[in-house]
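Asks: Got a predicted structure here, sequence first:
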Amino acid sequence: QGTDATPKFDGMPACLIPFLEDVDAIADHAMLTDEQWIKAALRYVPIKEVETWEMLDEAALPNWKKFIAAVKLLYPGCEGSHCFTCTDLENLCAEQVHVLMTSQEKLGQYYCKFFKISRHLIVKKKLADLECNCLFLDRFHVTSKTAIMWWLEIKLTDHHPDDSYDIKEVYNAAVFLL
């Protein structure tokens with residue numbers, strides 16, 4: 001526990017399945033019993049999650065598959081095509097519009113979260129590329145957005161005003177300005 005190689009779970013539904021797959025790989029390799037498998041999973045989740053998971057009736061049973069089924073019920077959207085929703089992207093964007101971009105680290109965090117959610121929605125045909133491009137730029141704080149737009153207008157002189165800027169162009173502009 002506590003090393004880079006240990007399974008990690010941050011409480012987000014989208015991270016549950018990869019976490020469980022990591023625990024599966026370790027438990028399989030170590031040839032653990034179902035009871036040991038459950039204990040191993042509980043060792044690697046944050047305390048607030050452990051408290052909830054231990055309250056499940058299935059945590060007391062030596063049955064890994066039933067335990068996992070019960071855990072998955074705690075995280076709607078952890079499986080299938082609904083692990084990220086348009087609401088997730090809207091919530092991220094609503095938060096971001098109030099954050100003044102002051103470092104490349106903050107930019108990277110926003111870009112990473114935005115990319116992960118938006119790519120999932122695009123692949124599932126729930127978000128169009130054009131809409132995605134517009135959302136990414138529009139949700140920067142007004143001060144940052146103004147500077148980015150200014151830089152893009154100077155850098156991309158042949159860009160038509162009615163066309164949205166590609167996310168990569170916006171990202172590169174923001175990196176340059178920071």
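Replies: Alright, I've got the coordinates.
Asks: Tell me which stretches of the chain form strands.
Replies: Using DSSP state E, the strands of the chain do not appear at all; there are none.
Asks: what stretches of it score poorly on pLDDT?
Replies: Within the chain, the stretches with pLDDT under 70 are 1-5, 80-83.
Asks: longest single helix anywhere in this structure?
Replies: helix 104-123 (DSSP state H).
Asks: Tell me how far the closest residue to Ile38 other than its chain neighbours lies from Glu54.
Replies: Nearest non-adjacent residue to Ile38, counting by C-beta to C-beta, 6 or more residues apart in numbering: Phe67, 5.1 Å away. C-beta coordinates here come from the backbone N, C-alpha and C atoms, glycine included. Separation of Phe67 from Glu54 (C-beta to C-beta, to the nearest Å) stands at 11 Å.
Asks: So which of the two has more stuff around it?
Replies: In this view Phe67 and Glu54 are compared by other C-beta atoms under 10 Å, and Phe67 has more residues nearby, 23 against 11.
Asks: Which parts of the protein are helices?
Replies: In the chain, the segments counted as helices under DSSP H are 13-30, 34-43, 47-55, 64-73, 86-96, 104-123, 129-138, 142-155, 167-177.
Asks: Centre of the chain to the longest helix of the chain, how far?
Replies: 8 Å (C-alpha atoms, centre = their mean, to the nearest Å).
Asks: buried ones in that helix?
Replies: Using 16 or more other C-beta atoms under 10 Å as the test for burial, helix 104-123 gives 106-107, 110-111, 113-114, 117-118, 120-121.
Asks: Using CSV, write down the CA coordinates of it.
Replies: In CSV, the C-alpha atoms belonging to helix 104-123 read as follows (Å, rounded to 0.1, in the frame of the first residue of the first chain):
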residue,chain,number,x,y,z
GLN,A,104,0.3,25.2,-16.5
GLU,A,105,-0.5,22.7,-13.8
LYS,A,106,-4.0,24.1,-13.4
LEU,A,107,-4.4,24.1,-17.2
GLY,A,108,-3.2,20.5,-17.3
GLN,A,109,-5.7,19.4,-14.7
TYR,A,110,-8.6,21.0,-16.5
TYR,A,111,-7.4,19.7,-19.9
CYS,A,112,-7.0,16.1,-18.5
LYS,A,113,-10.5,16.1,-16.9
PHE,A,114,-12.1,17.7,-19.9
PHE,A,115,-10.4,15.4,-22.4
LYS,A,116,-11.3,12.2,-20.5
ILE,A,117,-15.0,13.1,-20.3
SER,A,118,-15.4,14.7,-23.7
ARG,A,119,-13.6,11.9,-25.6
HIS,A,120,-15.9,9.3,-23.9
LEU,A,121,-18.9,11.3,-25.0
ILE,A,122,-17.6,11.8,-28.5
VAL,A,123,-16.9,8.1,-28.9
